[in-house]
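[1] Give the three-dimensional model of this entry:
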Amino acid sequence: MANLTVINARVLTLAGGEGPRRGTALGELGVIQRGFVRIEADRIVAVGPGEPETAGEIIDAQGCVVMPGFVDCHTHACWAGDRFDEFQMKLAGRSYTQILQAGGGIMSTVRAVRAASPDQLVDGLLGRLGRMAALGTTTVEVKSGYGLTTLDELKMLQAIRTCANLTHIQVVSTFLGAHAIDPDNPAFIDQTIHETLPAVVEAFPGIVCDAYCDSCAWSLDDTRRLFEAAAALGCPLRVHADQFTSLGMTALAVEMGAVSVDHLEATTRPDLERLAASSTIGVALPASGFQLDDRYAPARALVDAGGALALATNYNPGSAPTPSMAFVVALAGRKLGLSPAEAIVAGTVNAACVLGLQGELGSIEPGKRADLQVMDFADERELGYEFATPGPRVVVTAGRIVHTRTPFP
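    The predicted structure follows:
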């Protein structure tokens with residue numbers, strides 16, 4: 001693996017601290033006005049101002065921003081089939097819950113995933129990972145949850161693991177067997193808790209267990225049962241909560257020490273304050289509000305209350321069909337009340353904390369994995385100002401150039 005040096009860059013190091021950024025620290029970018037990043041093999045070995053001694057391949061950033069690769073900490077990027085017909089229904093005025101009741105939504109994708117071969121799942125996910133990498137994402141969390149049987153959940157997780165071994169970007173898997181309620185299986189909840197969960201943990205020890213707790217999905221009591229069983233098997237916990245209805249899951253997640261609570265569009269003020277005072281990270285998914293109903297997490301209030309906030313795409317075929325973390329950053333300013341700097345930190349450092357990888361990535365510091373992107377602008381505020389852009393000029397992951405859009409002269 002060749003050495004690489006990036007020179008003449010406005011470097012956003014995001015250096016400093018070990019846990020998720022809160023309060024004013026959320027907007028601290030650790031800027032080096034005119035600096036360099038030197039990479040050997042897959043690691044950053046030096047970062048600093050001025051001109052370095054160079055060896056190997058050189059990228060002259062010409063004054064443009066160099067920043068960490070995005071960490072997309074919440075996606076459903078492994079799926080089969082499409083949901084174009086449902087999008088037409090939405091445009092005709094049908095609500096998300098009405099589409100679910102008509103047999104669409106998650107169960108539509110479940111049927112397609114069950115019918116898909118492992119190779120078809122791998123091919124689809126690899127293509128989406130490539131699109132995400134071209135837009136600056138270098139670490140991706142991918143959930144199961146479109147199988148809803150033991151065999152099909154394992155099929156998804158094995159496809160995710162195969163992709164992780166076939167791509168240079170980092171892929172983290174999450175078990176989401178509690179993504180929905182299978183209407184054709186009266187014993188579904190008990191089977192998920194007592195059969196699917198143990199089988200998944202046997203095949204993937206220590207995997208994170210996630211659930212979708214809402215009026216159209218898992219109840220509070222059933223989610224608690226699942227999480228108690230998962231915790232007993234050594235699984236960290238994450239949860240989709242308060243997307244449409246506040247059932248008390250945010251408070252329960254805090255009580256159970258969950259790593260994150262994701263969505264939060266319907267979170268009450270008391271639950272928001274509980275979340276802010278805890279070690280649990282709130283993950284906002286503004287692409288869902290953009291696609292569905294123009295409702296958004298109270299991210300500004302969470303930050304102002306001292307809470308830890310991360311951002312992610314929620315990339316999926318129904319409620320958030322976007323691979324672009326840059327678009328999420330743009331939405332964060334318009335819909336969540338965040339500054340571009342806060343959104344950048346929430347989509348890198350804090351997102352890495354959600355995945356337990358803050359010691360490995362999320363910032364540009366010696367010893368960390370060499371994941372970075374070379375932008376085509378000299379002021380990072382442009383990332384929040386523009387949208388629907390072609391993405392970074394160069395993306396580097398684990399020391400390898402995995403995408404080049406426009407070569408520098």
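[2] pLDDT score for A2?
    What the model reports for A2 is a pLDDT of 70.
[3] Pretty sure it sits against I58.
    No - checked against CB atoms under 8 Å, the pair A2 and I58 is beyond contact range at 11.0 Å. In this view, the C-beta of every residue, glycine as well, is placed from N, C-alpha and C.
[4] got any ranges where this protein has weak pLDDT?
    Low-confidence regions of the chain, defined by pLDDT under 70, span residues 1, 406-409.
[5] if you set the cut-off to 90 instead, what comes out?
    When the per-residue scores of the chain are filtered using pLDDT under 90, the ranges that remain are 1-2, 16-18, 51-56, 85-90, 93-106, 216, 405-409.
[6] Got the domain ranges for it?
    4-68+363-404, 71-354 (automatic domain parsing).
[7] Looking at these, which one is packed in the most?
    When those are scored by mean count of other CB atoms under 10 Å, the highest mean neighbour count falls to domain 71-354 (a mean of 21).
[8] start to end distance for that domain?
    With CA to CA, to the nearest Å as the measure, the ends of domain 71-354 fall 10 Å from one another.
[9] In what element of secondary structure is R128 found?
    Assigned by DSSP states H and E, R128 belongs to helix 118-134.
[10] whoops, I mixed them up, R10
    With DSSP H and E as the test, R10 turns up in strand 4-12.
[11] what helices or strands is that strand leaning on?
    Contacts of strand 4-12 with other secondary structure elements, assessed using 3 or more CB pairs under 8 Å, 6 or more residues apart in numbering; DSSP states H and E, are made with strand 31-40, strand 57-60, strand 65-68, strand 372-374.
[12] residue ranges for the helices of the stretch 301-409 of the chain, please.
    For the stretch 301-409 of the chain, the helices defined by DSSP state H, counting those that start in this stretch occupy 325-335, 340-346, 349-354, 381-385.
[13] and the gap between the residue sitting furthest away from the middle of the chain and G81?
    Of all residues in the chain, E53 has its C-alpha farthest from the mean position, at 35.9 Å, by CA atoms, centre = their mean. As judged by CB to CB, to the nearest Å, E53 and G81 stand 53 Å apart.
[14] who's in contact with the nearest residue to G19 once chain neighbours are set aside?
    Leaving aside its sequence neighbours, G19 sits nearest to C353 (CB to CB, 6 or more residues apart in numbering; 6.2 Å). Remark: with contacts taken as CB atoms under 8 Å, 6 or more residues apart in numbering, C353 is in contact with G19, P20, I281, A308, A310, G362.
[15] surely the second one meets G282?
    This means P20. No - between P20 and G282 there is no contact under CB under 8 Å: 9.8 Å.
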